[in-house]
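J.: Turn this into a model:
(one chain, ligands or ions: 1)
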Amino acid sequence: MSPEPLTPEQTDEALAGLPGWSVEDGRITRAYAFDKHLPAAAMVVHIAAIQEELGHHSELGLGYNRLTVAVNTHSAGGRITELDIALARRIEEIAAGHGAS
Ligand SMILES: C[C@H](O)[C@H](O)[C@H]1CNC2=NC(N)=NC(=O)C2=N1
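T.: Numbering: from 1, shown residues only. The predicted structure follows:
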């Protein structure tokens, strides 16, 4: 079953605990910066593993020393849900270990 969409207030409240994340085009999103390319690519693979574990998948954009993450919940009609927030929290937990800022 698909979770209920969050209200804008609930989304803002959740994002208050996720510095760097914001709402853009109906998705929560964050850009990470790196010193080099390979650590950024490694973080993509780590995020992919987390996404498989959660059964919830973001759109990842890998640049030279930059990685963008954007996600909403397709099964909730492309709205933002707790599943997106949960994924963002898991990504935040691993970001510093990959040298992301
Ligand atoms: C069956 C599988 O768990 C679903 O299709 C998952 C896969 N990953 C997903 N990812 C996102 N972002 N939204 C979804 O609704 C979604 N559904």
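
J.: Nearest residue to residue 51 in space, please, no chain neighbours.
T.: residue 57 (4.6 Å; CB to CB, 6 or more residues apart in numbering). Heads up, the C-betas are built off the backbone N, CA and C, glycines and all.

J.: Quick check: that neighbour is in a helix.
T.: No: counting by DSSP: H, G, I helix; E, B strand; the rest coil, one finds residue 57 to be coil, located in no helix.

J.: Not counting its neighbours along the chain, what's nearest residue 68?
T.: Nearest to residue 68 is residue 61, by CB to CB, 6+ apart, at 3.9 Å.

J.: For the helix or strand containing that neighbour, buried residues please.
T.: Using DSSP states H and E, residue 61 maps to strand 59-62. Neighbour-count burial for strand 59-62, counted by 16 or more other CB atoms under 10 Å, picks out residue 60.

J.: which secondary structure elements does it contact?
T.: helix 37-54, strand 66-71 (3 or more CB pairs under 8 Å, 6 or more residues apart in numbering; DSSP states H and E).

J.: Against the ligand, how distant is the residue nearest to residue 51?
T.: 4 Å (CB to the nearest ligand atom, to the nearest Å).

J.: how many neighbours does that residue have?
T.: 14 (other CB atoms under 10 Å).
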